[in-house]
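> kindly return the folded structure for what I paste below:
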Amino acid sequence: MDRDSAARLGHAMAEQLTGALSARREAIALSVMCLLSGGHLLLEDVPGVGKTTLARALGRVAGARTVRVQFTPDMLPSDLTGVSVWDPQARAFTFHPGPLFADMVLADEINRANPKTQSALLEVMEEHRVSVDGTTYDLPDPYFVMATQNPVELEGTYPLPEAQLDRFMVRTALGYPDAAAERAMLRGASGADPVARVSAVCGLADVRAFRALAATVHVSEEVAAYALAILDATRHAPEVRLGASPRAGLALLAISRTHALLDGRTAVFPEDVRTLAPAVLAHRLVLRDAVPGTPQAEQQRAVLVRLMSRVSAPGSRRA
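Next up is the predicted model:
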């Protein structure tokens with residue numbers, strides 16, 4: 001895969017999703033870039049705006065085998081990883097893989113599962129493998145976890161711990177569609193599944209090839225220093241109790257490389273880092289004093305934008 005075909009692939013995926021879904025183009029673009037960057041995606045928004053639909057469509061457009069898991073408080077880790085069952089004929093235990101053994105996993109309402117079940121995803125998301133009964137099983141490559149959660153109706157939910165949030169490359173929200181998109185949606189056929197209008201534009205081999213090419217996109221010393229300065233600002237801000245981790249910095253530059261490649265460039269600009277930092281870093285910040293009545297995501301993003309405004313960006317470099 002060359003640079004031009006990589007850019008066409010990413011844009012074709014985004015266009016396919018935009019044509020079928022009533023979601024903001026920014027959210028769709030972030031979702032596609034997250035997949036192409038090797039990260040995991042957290043969709044956080046109110047009910048009924050299409051979080052699950054976007055996740056299903058993203059799997060379909062990439063030609064991936066996608067499994068949806070509805071998270072509930074009574075779910076056990078073995079419901080995700082699988083279980084070993086005694087086979088009396090073979091006189092041995094036989095492992096039956098769980099839903100995590102797919103190309104893409106949609107963890108619907110992830111914050112409704114108990115912490116023990118949520119922790120089953122930690123090894124999966126970081127190392128792309130599952131350990132059960134002392135045996136480790138490798139997962140497909142690429143491997144992508146898409147999780148949804150509702151920022152309201154928090155009764156009976158379990159907030160994701162910082163270690164789990166840190167494993168999501170991107171957090172985004174869909175928001176309500178604009179008037180034209182919602183009008184078209186309301187005039188459409190009742191009961192029609194918008195995902196049915198989505199066609200696969202690539203395969204998993206193409207995703208792997210894109211990631212390999214994106215890894216070669218150049219990051220200059222100045223751009224790396226700029227990203228580090230943003231990370232450092234989050235770690236020393238008085239209003240932040242826990243700042244962005246080194247994993248966050250790697251994720252920020254990985255998706256910045258993807259953004260540059262989709263733009264047909266061979267190098268990352270400071271604008272790439274500045275544009276993508278809120279989606280990559282905000283959900284990783286633990287604030288000291290939360291403002292009652294204001295959604296946490298809004299507070300985290302506002303703090304990050306304020307900190308970034310104090311960090312000087314180097315001049316743009318052209319490829």
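> how about the helices in this protein?
For the chain, the helices defined by DSSP state H occupy 3-20, 25-36, 51-61, 78-81, 115-118, 120-127, 162-165, 179-187, 204-214, 221-236, 246-262, 270-281, 296-308.
> with Asp141 as the reference, name the closest of those helices.
helix 204-214 (6.7 Å; CB to CB). Every C-beta, even on glycine, is put in place using the N, C-alpha and C of the backbone.
> return that closest one as CSV; C-alpha atoms alone will do.
C-alpha atoms of helix 204-214 as CSV (Å, rounded to 0.1, in the frame of the first residue of the first chain):
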residue,chain,number,x,y,z
LEU,A,204,-8.3,-6.6,7.8
ALA,A,205,-5.2,-7.0,5.7
ASP,A,206,-5.7,-3.5,4.4
VAL,A,207,-6.0,-2.2,7.9
ARG,A,208,-2.7,-3.9,8.9
ALA,A,209,-1.1,-2.4,5.8
PHE,A,210,-2.3,1.1,6.6
ARG,A,211,-1.0,0.8,10.2
ALA,A,212,2.4,-0.3,8.9
LEU,A,213,2.6,2.6,6.5
ALA,A,214,1.4,5.1,9.2
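> just want the most central residue of the chain.
By CA atoms, centre = their mean, the chain has its centre lying nearest to Leu41, at 1.3 Å.
> tell me the pLDDT of that residue.
Here, the pLDDT recorded for Leu41 equals 95.
> one more: Gly156?
Here the pLDDT value assigned to Gly156 is 68.
> identify the residue nearest Gln149 in space, chain neighbours excluded?
Spatially, and ignoring its direct neighbours in sequence, Gln149 is nearest to Asn111 (4.4 Å; CB to CB, 6 or more residues apart in numbering).
> and the one you found, how many neighbours?
Using other CB atoms under 10 Å, Asn111 has 20 other residues around it.
> how much space between it and Asp272?
Taking CB to CB, to the nearest Å as the measure, Asn111 falls 31 Å from Asp272.
> might you list the low-confidence residue ranges for the stretch 51-200 of the chain?
153-156, 189-191 (pLDDT under 70).
> quick one: the strands in it, in order.
Remark: strands assigned in the stretch 51-200 of the chain by DSSP state E, counting those that start in this stretch are 66-70, 82-87, 92-97, 104-108, 129-132, 135-138, 144-149, 170-172.
> which helices and strands does the first one pack with?
Same thing as strand 66-70. Packing partners of strand 66-70 (3 or more CB pairs under 8 Å, 6 or more residues apart in numbering; DSSP states H and E): helix 51-61, strand 104-108.
> quick one, what contacts Phe71?
Ala107, Asp108, Glu109, Ile110, Asn111, Arg112, Ala113, Thr117 (CB atoms under 8 Å, 6 or more residues apart in numbering).
> my error: substitute Cys34 in the last question.
Here Cys34 is in contact with His40, Leu41, Met169, Val170, Ile255 (CB under 8 Å, 6+ apart).
> for Ser199, state which of the residues you listed is nearest.
Closest approach to Ser199 among the contacts of Cys34 (CB to CB): Leu41, at 20.8 Å.
> is it true that the closest one touches Met125?
No: between Leu41 and Met125 there is no contact, the gap being 10.9 Å when judged by CB atoms under 8 Å.
> now the common contact residues for those two.
Both Leu41 and Met125 are contacted by Val145, Phe168, under the criterion CB under 8 Å, 6+ apart.
> how close does the nearest residue to Thr117 once chain neighbours are set aside sit to Val223?
Leaving aside its chain neighbours, Thr117 sits nearest to Met75 (4.8 Å; criterion: CB to CB, 6+ apart). Using CB to CB, Met75 is found at 42 Å from Val223.
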